[in-house]
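Asks: Have a look at this fold, sequence not included:
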């Protein structure tokens, strides 16, 4: 059986950081520097690219980062400006205070410079604090306008770069402005620039009530799928569990959809292994993703397409189970 | 304090029908004819308009319906073709069988004729069986194309009429094609006709994870809010409970949003009082909606807008509670 | 590798009926008699037992049912009295009308007689209409007392028989009285009889927010797991999808838990293939369940137990994936 | 109209702390000491009691805390040992490492001493890290046994004190051991001591799929409702929003249930005003709770009970709306 080439794997560097939350305020582990997390990422063995938070941790400069990436054979795929820390707890693009909006966009401009410096693919924009918490808190027309206008201003200033919005239904805000694939498409159309697209997070899509496969297809059909990352959850929250631990069929359908559309980007991890060893978690993920990739090779796609034309769910499921449930067999 | 004029109230005629479900297969009450339900609607006392399912129940003709509406002082606001019964259990626009797709559109064309005959405002399209149940059941690109192309064909044939799509996340399909406000906007833009819009069901929006107020604003900003109806639920399913029984603050924000946008359409009920007396349920609903309307008059809108500019949720809530929690006071 | 013996498979007869819901009021297919559905169940080929609704469809008597079961090599595992049809739309045990409560218990007594006649294992009690829809509708103390007292009266009258309560969070009621494993245990303890237990529906447990494996363990530890059935859903509703189409890992954990506890009952299907061929759906299910059973044989249980002692999720998942994702390999 | 006496109000001290989460790792505000938060609580003006985290912030001793409470006219209602910080990120009672289990119980013993010193009512046990994240991670029998045995050991050592378990479905663990009212009752029965009960958090109950009123009734009927606190959320997560901002009817039913049972404990706040002024949020809460208390006086309870006997949801709702929606009227 022919195997297509394996995909390139990547991860958000935060996968290797230590975490805090509102209960473990002293953190789930000792704090790590940007360099520490690059080294951990490098030790996984199968990662080619990373997405880096910006600013880097205190005392770490761009040249050090370049060196660390080089030493670990990693390259940067994206830069994620941290527009969701204390200064922007009330929002970045949609902050009620114009000074904070300006400061947020300044940081994003700066991040664009880092993208150029590192030769990365995009600035990833995740405006986690943009939105609202309470009914009646905001004027919805005005809030959305701030979100769209701010993105236009940002992306318009860097026509040579790509900007990937990562939508998410909620958290940390009770409700976020860029909350779904469809809403993101509308916003990007209102922006009216061709260098703005979407980074689809499998888990965000899943717990937002979308079919991630359907969301990917819709974004691809609009030419807006700039990137993606994977993880898993129980459909009620962004648990950021290790991929392949809960939703095997739907992650398979997601990658199947990318394959039949010829989407060949990086398979990225966006996971928060709060209580696990981060390297072990990454390796377990990639081990699964490789098996999944093999399953895609095994899958009888013409037969599946024929079943889908009839919308024959049972026939489709049997084909899927034949491929998926044999992908770990050692003698294949 | 000045009271603005009360809104016109309406209801889907199915509010007054008897129901079946997969357990009470003998129905929650004796079957009723279209004429029976018109008479029940007429007996509520505060309803001005109704939305009628089409075809009418067996043996009931258009002239009888006209007479019954006249006798009860009701007019038709919309016609809802029943494109979700056994024949279309696998979909109307997205049925895998082209013959059934054609049959569905034929029924919708026929419904358009009834809209003209009754002088109604729109054909309401609720494609409840369009979608999928299982991962891998459909090709998402093809399914969406069928949904959009079918609507274009239908609406294109009646440039003198309006077509209102009622989106819903799910049920009876595990996942429906027109599932949210944002997705509906994208689809209508792809249709490219100016006589297609949306009927926003408050409950569909709520349990789909939207803020109904935000969804209404987005649709108004796109000129697509053709109609709306209200009810309530526990955010996990389309319970179609009586409005005002659970989500008081959010239904208030929804009507507030309509008011500040000058949206003056009918306040319609879409409820399924399975175990309640339908007339009693409708009267309880309208009693609440009148109190809510009074609360809108009491609400200090300039102060609220000022609080929203600061995104001051606490100040906004105090203003809202002052208005909402006094609206039943008898001496106002 | 040694294979333990395959389990016996069963199904609720309703799996093979045709359905109605509140939209497809003319049904998803032509009505079928009890005998029709027995014959369909028999044609699946791998089913040993069925659970039958009672009363049988009009005109079908007990002797006919016996003959049909014999002809198809099926035996009855349980009888499910239909205490959720129109007459009991406001509840069976918790109906506000004492006459309806008596009538419901009478039907359940009658069903107990049918269990004896057919040599079945239990009367299955699924009080789907018991509960409430609206806040403030009921006095919670009184409602729960009716639920518990009624079950005690029923089961107390038949000390020779077993009664299995099938809990469910909701539907058709917005909120049901027997809604979870833990609540069921409390109620059964209050009943104080040793012939009352639980039938655990995998899907009910899953969409109710439980871990089905954990719920099974808790019930086993209380000696109350009388039966179980399986299906699948998207965690938000009782979709009654075909088992193995969404939650592969959790259904595997469920059966693993039964295995390590030595629970050897029937593997039953409780599915509603609204738009699928019922026999095809049952066969697809059993095909999957057999693969799952094989995976249980492959699973390295000592290593898994060792990982669980350390609560090492990654190690556990790798072992699980090794077994589960090879279970369809044809050469095993 | 006669007013019953106002309840005493309280708050978890953490209401006045500053927060971190996994995104705003630098915190939503500057860190505050235990003394700072006592002073903020005192400045609210309507609070009588507080629940204090233990250990206090670094450098703060018991005598200082006593002084600060005295100076602000506050008393301690409970002590909440912080058994969910880094050391116990893998669990307190259910930690796989016996050393950490012992250390956790030691901290709880120490907290019991603080309860005695401060004359508080109970040790509040909230084992937020006890549970699991992944399918197959734990042996469910063993985990639950650790949870129950640990609580027995703890409470058995202090027969003079009360221990209130605060159940919660999830967060920070993906699934927590003490997850619901019913499960807590089972566990407490297994513990077999009469000084263990429950603190019911309205929001935990709501997003766990319970009716908080029903859960309160069940706990009262078991003599286990030791305390409660309130807040609000969107039913999908523990948002810890300010009470009265979303679920007006259900919070009213909750307090109604307490009233008719003669439950006269403290009305406590457990809120996380991440982006709001904490004192303003507390005042807004208490303003609402006072109005709600007034609404309980206005409510026609005999008529409501008569409607509930008939399970007449519409009649009940009209009575509830009459009381609730007039409670802010200034001339009452």
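Replies: Nice, thanks for sending it over. All values derive from a computational prediction rather than experimental measurement.
Asks: Need phi/psi at the closest residue to residue A:86 other than its chain neighbours.
Replies: Take residue A:86 and drop its neighbours on the chain: the residue closest to it by Cβ to Cβ, 6 or more residues apart in numbering or on different chains is residue D:26, 4.6 Å away. For every residue, glycine as well, the C-beta is placed using N, CA and C. Here is the backbone geometry of residue D:26 (degrees, to the nearest 10): phi -90, psi 10.
Asks: Can you name the residues that contact residue D:26?
Replies: Counting by Cβ atoms under 8 Å, 6 or more residues apart in numbering or on different chains, residue D:26 makes contact with A:85-86, D:20.
Asks: Residue C:252: which of those is nearest?
Replies: Lowest distance from residue C:252 to these (Cβ to Cβ) belongs to residue D:20, with 36.9 Å.
Asks: so how far is residue C:269 from the residue nearest to residue A:86?
Replies: Using Cβ to Cβ, to the nearest Å, residue D:26 is found at 53 Å from residue C:269.
Asks: go on, residue A:71?
Replies: Residue A:71 sits 56 Å away from residue C:269, going by Cβ to Cβ.
Asks: Which one's more surrounded, those two?
Replies: residue C:269 (27 against 12; other Cβ atoms under 10 Å in any protein chain shown).
Asks: what's the nearest residue to that one if we skip its chain neighbours?
Replies: residue C:11 (4.1 Å).
Asks: interface residues of the stretch 201-332 of chain A facing chain D?
Replies: Among all residues of the stretch 201-332 of chain A, those adjacent to chain D (criterion: Cβ under 8 Å from any Cβ of the partner chain) are A:234, A:236-237, A:239, A:241-242, A:245-246, A:272, A:274-275.
Asks: what ranges of chain A fall below the confidence cut-off?
Replies: The model of chain A has pLDDT under 70 over residues A:1-4, A:328, A:330-332.
Asks: Show me the helices in it, by range?
Replies: In chain A, the segments counted as helices under DSSP state H are A:34-44, A:62-71, A:98-118, A:140-156, A:181-191, A:202-207, A:212-221, A:248-260, A:278-298, A:301-309, A:313-324.
Asks: Quickly compare these and say which is most buried.
Replies: helix A:202-207 (a mean of 26; mean count of other Cβ atoms under 10 Å in any protein chain shown).
Asks: Just name whatever secondary elements it is in contact with.
Replies: Helices and strands touching helix A:202-207, by 3 or more Cβ pairs under 8 Å, 6 or more residues apart in numbering or on different chains; DSSP states H and E, are helix A:212-221, strand A:225-230, helix A:248-260.
Asks: Distance from it to the middle of the chain?
Replies: 10 Å (Cα atoms, centre = their mean, to the nearest Å).
Asks: neighbouring contacts of it?
Replies: Counting by Cβ under 8 Å, 6+ apart, A:166-169, A:181, A:211-212, A:215, A:228-241, A:243, A:247, A:250-251, A:254, A:270 sit against helix A:202-207.
Asks: Equivalent analysis for stretch A:252-260, please.
Replies: By Cβ under 8 Å, 6+ apart, stretch A:252-260 touches A:202, A:211-213, A:216-217, A:220, A:228, A:230, A:265, A:267, A:292-293, A:295-296, A:299, A:301, A:320, A:323-324, B:135-136, B:140.
Asks: hmm, 6 Å instead?
Replies: A:202, A:212-213, A:216-217, A:296, A:324, B:135-136 (Cβ atoms under 6 Å, 6 or more residues apart in numbering or on different chains).
Asks: what number of residues lie near residue A:30?
Replies: Residues within reach of residue A:30, counting by other Cβ under 10 Å, total 9.
Asks: which one is it nearest to, not counting chain neighbours?
Replies: Per Cβ to Cβ, 6+ apart, closest to residue A:30 is residue A:18, 6.1 Å.
Asks: Residue A:117 too?
Replies: Counting by Cβ to Cβ, 6+ apart, the residue nearest residue A:117 is residue A:62, at 5.9 Å.
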